[in-house]
Structure formats: structure tokens, C-alpha cells
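Trainee: The amino acid sequence is not available; the structure is as follows:
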Ligand code: SAH
């Protein structure tokens, strides 16, 4: 992002526009929406510019702009139709005076650019494409214009006038959002239709009284939400919404930062990461933290990688919530095993090959986990192994001892759906060695008994992540 979007307060501020022709008129149409003190410089003024000057909406100076005109301005525009030299002179003046300058249709000569604007004052949507594609900006503008009802500005103004009252009566966080969501999600619009603009204040007051009378609304709640393997596009819509509503997000170390981006800016984000070896947060502390925030009346999202109910100690968390009488819900996510299979484009079950699939962990509370090795080694079942990187040699040894074939397919997918996603296609006989050679550090899923679709067929369908570095180490 080269251009950082901000909203500049132009109330009573001087804006100098060099040029009074058609180009200037187009910019002035936007500037006249503000409360700026607008000064236009140029001889040959366009008649609409003259008209605005006659109506005292701006001051027209029928001469070229000079250094003194620029000093003290908040913004300067160079809008001299087909006169790049004059624009360059304006830019020099502005730079010398330390004032931000925009030259119309000259990205490199400008220090700021004016976005395409959807105006529902006081709501303003600014659209920028870094000057790359004005056509795209116009299309997006048209789409947003249709999305935002024309009455939005009126609704927002009434909301602004009532804001202090709401802040005096409702604590910050969920309750205030519940109040405003109901208003903007349709109640305000309906009140406006029924009683007109003048009825909005009464509507807001009534809604606040009703909310205040209903105490149980003030209790917090917790959602255990699956964050999927990484790519935010692999989140469910419900996960997205819940994440967007949360006051507090308690997330695991494995949750992708791109997913956290979807939380509101005001939300409190707390990493309650546990590493496979050596816990930084004890499960009890996580439970206590969840309960504490919910008791404060907050909407808490407990965000877990993949699916929250797969190897995530979610029962302990739900027990704690139930014990504390806090309402909770679970939002499922795409578990890593499923995402790994999608990456390798291999079916997790297949007629005649395996009619069952096991999700196993290579670690349990005691260390490397023991399993029914003989069945797992038989080739008649497939297993997705979680937390299996450090245990790869142990797994390999156990499966071989219990009769596993050296050429039994194993597919390892690391950092699924992240930019550093990698896959190792190997066999039981070479598993640990190939993982070492490829430098697999995890997080990774080992699909035992499943071979990725051959690279020859690659490119026929899209895989789930953007970069696909298949480190085929066989
Ligand atoms: N609840 C999670 C699993 C948590 S246990 C889920 O449903 O996926 C942690 C293990 O999940 C890791 O050791 C690894 O085996 C796997 N894992 C989590 N995210 C992963 C990712 N992006 N890529 C590969 N494996 C992942």
C-alpha cells in the first residue's frame, strides 16, 4: 500500500486550487461537499466555477497562484488543463511551503490522491486503486452505491446525535454493538419509513429503554470457533461473523495471522498458545481467562486452528464454561487432515482401498502415543496423523515392526494453505529420512496409506492454497 487512506478535517481549512477550468471544476464538485475555505486561482474561469464564486461558495482569484496563496493551506491542487508546466510550478510552491499537493491525473507528481467517493454523509466510503485502474474504482463505486441505502446518511446522523446517551447508559462492548446493530440492521430504516426523520430520536430512546429493561442481555458468552488450517477463505461464514462480533479473541499459536485480521480493530486479541513441548499457557489458565472475560459481559471467541473439536482439548473448555454457567456454542472448522487431503488431491476413503479413516495423534499426555499398529500397518485403513513431525521416526518404527510394507504410501503436508505450504510424497520405508531431508518442521499432517494424485495430473484442478511447492522427495 503506497497510499495510506485517511480522512482529513477540512472544516474552516484553506484549500488552494490552481486552475479554474473544467479539470478544476470536477475536483471542486468534490471539495464543495466539505466545509473548506476554498480559493481558486486562474484567469479564464469556467462558468460553473464563476457561478460558485457568485454564490460565495468559493473565492475566485483571476490570476496565477503565488507562494503566499499556498502557505497556510491544508491542501493544494494543481488542476491546470493541459498545462503541465503550471502544475509543476504549483507543486514546487507547495513543496517549498510544506503543504500536500495533488496534481490532477499525475500520480508521480502528487503527494496524495483523491479517491472515488460514495457519499452518504456522515458515512463516506473512499475507494483507491493507487491510480492503477480508474475503471475498476468506478465499478466498485457503482456496486457500493447500490449496496448502501440512500437513507443511510440520515440514519447515521440520528445515530451520531444519540451516541452520547448510549455511551452514558450502556457499557462499552457487546451491548452497545447489539444496540447499534439492531438499529442499522433494519429497525432504524423501518422507523424512518413509519415516522420520518423526526421520529428517529424517539425510536432510539425506546429501543434503549427496552434493552436496559432486559438484564439477561448483559451476560457474556463464548464461541469455540474453528479457524481452519490458515487461508481465511477456508473459514465458514459463521466463523467470520462471530470473529467480527467478538470483544475478546483467545487464539492458539497455530492460528494464521490472516484470520486474526478479521477481528474488529477494537477487539482484544490474546494468544493463549501452547507449544507441543513445554506449555506456555496451562489449560486451566485458558479456561479461567475465557470465563473471566465472559463474566465481564464480553462476547469471547475461543479461536482454535482447524476444527475446535479435533485434538483441541475442547471438552475441558466446555466443562469449564458449563461449570461457570456461561452460554457457549461451537462453530466447526476445516480440520487439517481434510485440508491435507485436498492439497494432495486424494480421497480420504475409497471403495476397495479403505472404508475407514482414523484421526490419530502422535502425542498424548504421556509422550509418543501408542495405537493399534497392526491395523494401521495393514494398508486396509488410512490414518491422518496430527502432531506427528517429531514422532515420525517412532511412527515409522512401530508400523514397520507391525508388518507395514516399506512401500506403503505416506503423504506429508506442512503449513497447509499458508504461503509456505509444502508436501512430501514418500513411503513408510523412507518416511523419517525424507522428512528430514525436506526439513519438515511442522505443523504438518501425515496421511498414512494415502498417496497424492500424481504430479502428471497436476494443473487440472486448483489446489487449496496459492503457492504449491511439492517437494517430491522419493
Ligand atoms: N484442531 C486442529 C488440530 C490441533 S492439534 C485441527 O483440527 O486441525 C495441532 C496439529 O494440527 C499440528 O501438530 C498439525 O498436525 C495439525 N495442523 C494444524 N494446522 C496445520 C496446518 N496449517 N498445516 C498442517 N498441519 C496443521
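Mentor: Thanks, I have the structure now. Computed from a predicted structure; not experimentally measured.
Trainee: The ligand contacts on this structure?
Mentor: By Cβ under 6 Å from any ligand atom, the residues of the chain that approach the ligand are 229-230, 254, 304-307, 310-312, 335-336, 386-387, 413-416, 418, 442-445. Just so you know, the C-beta spots here come from the backbone N, C-alpha and C atoms, and that holds for glycine as well.
Trainee: In strands, which of those residues appear?
Mentor: The members of the residues of the chain next to the ligand that map onto strands under DSSP state E are 304, 386, 413-414, 444-445.
Trainee: Turn those residues into CSV, including pLDDT and neighbour count.
Mentor: What follows is these, written out as CSV (pLDDT from 0 to 100; neighbours: other Cβ atoms under 10 Å):
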residue, pLDDT, neighbour count
304, 96, 27
386, 97, 22
413, 98, 30
414, 97, 25
444, 97, 23
445, 98, 28
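Trainee: So, low pLDDT: which residues of the stretch 251-400 of the chain?
Mentor: In the predicted model, the stretch 251-400 of the chain carries pLDDT under 70 at residues 274-279.
Trainee: Where does it get nearest to the ligand, which residue?
Mentor: residue 306 (2.0 Å; Cβ to the nearest ligand atom).
Trainee: and that residue, what is it in contact with?
Mentor: If a contact means Cβ atoms under 8 Å, 6 or more residues apart in numbering, then residue 306 has 226-229, 254, 312, 333-336, 339 as its contacts.
Trainee: who wins for neighbours among those residues?
Mentor: Of all the contacts of residue 306, residue 229 has the most neighbours under the rule other Cβ atoms under 10 Å, reaching 32 neighbours.
Trainee: Over to residue 302. Which of the three states is it?
Mentor: Counting by DSSP: H, G, I helix; E, B strand; the rest coil, the backbone at residue 302 sits in strand.
Trainee: That one: how many residues sit nearby?
Mentor: Neighbour count of residue 302, defined by other Cβ under 10 Å: 30.
Trainee: Tell me the bridge partners for the residue of the stretch 251-400 of the chain closest to the ligand.
Mentor: With DSSP bridges as the criterion, residue 306 is bridged to residue 228.
Trainee: about what we covered before: can you list the contacts of residue 306 in TSV and add distance to residue 261?
Mentor: Putting the contacts of residue 306 into TSV (distance: Cβ to Cβ, whole Å) gives the following:
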residue	distance to residue 261
226	17
227	12
228	14
229	16
254	16
312	22
333	17
334	18
335	22
336	20
339	19
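Trainee: tell me which of those is nearest to residue 425?
Mentor: Set against residue 425, the nearest of those by Cβ to Cβ is residue 339 (16.7 Å).
Trainee: Can you give me the distance of the residue nearest to the closest one when sequence neighbours are not counted to residue 97?
Mentor: In this structure, residue 339 finds its nearest non-sequential neighbour in residue 229, 4.2 Å apart by Cβ to Cβ, 6 or more residues apart in numbering. Counting by Cβ to Cβ, to the nearest Å, the gap from residue 229 to residue 97 is 53 Å.
Trainee: which residues of the stretch 301-450 of the chain fall in helices?
Mentor: Secondary structure of the stretch 301-450 of the chain (DSSP state H, counting those that start in this stretch): helices located at 314-323, 336-344, 373-377, 392-401, 431-438.
Trainee: And for the stretch 101-250 of the chain?
Mentor: 134-147, 152-169, 174-182, 188-195, 200-213, 237-245.
Trainee: how about those helices in CSV, adding mean neighbour count and mean pLDDT?
Mentor: Converted to CSV, the helices of the stretch 101-250 of the chain look like this (neighbours: other Cβ atoms under 10 Å; pLDDT from 0 to 100):
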stretch, mean neighbour count, mean pLDDT
helix 134-147, 13, 88
helix 152-169, 15, 94
helix 174-182, 18, 87
helix 188-195, 15, 86
helix 200-213, 15, 90
helix 237-245, 17, 86
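Trainee: what number of residues lie near residue 388?
Mentor: The burial count for residue 388: 28, using other Cβ under 10 Å.
Trainee: wait, what's in contact with it?
Mentor: Here residue 388 is in contact with 361-362, 395, 444-446 (criterion: Cβ under 8 Å, 6+ apart).
Trainee: Distance-wise, check residue 448 relative to the ligand.
Mentor: Counting by Cβ to the nearest ligand atom, to the nearest Å, the separation of residue 448 from the ligand is 13 Å.
Trainee: on that earlier part again, what is the most widely separated pair among the contacts of residue 306?
Mentor: 312 and 339 (15.2 Å).
Trainee: Return the distance of stretch 421-431 from the chain's centre.
Mentor: 33 Å (Cα atoms, centre = their mean, to the nearest Å).
Trainee: Kindly report the same for stretch 26-35.
Mentor: 32 Å.
Trainee: Tell me which residues of that stretch come out buried.
Mentor: For stretch 26-35, burial by neighbour count (16 or more other Cβ atoms under 10 Å) applies to 27-28, 31.
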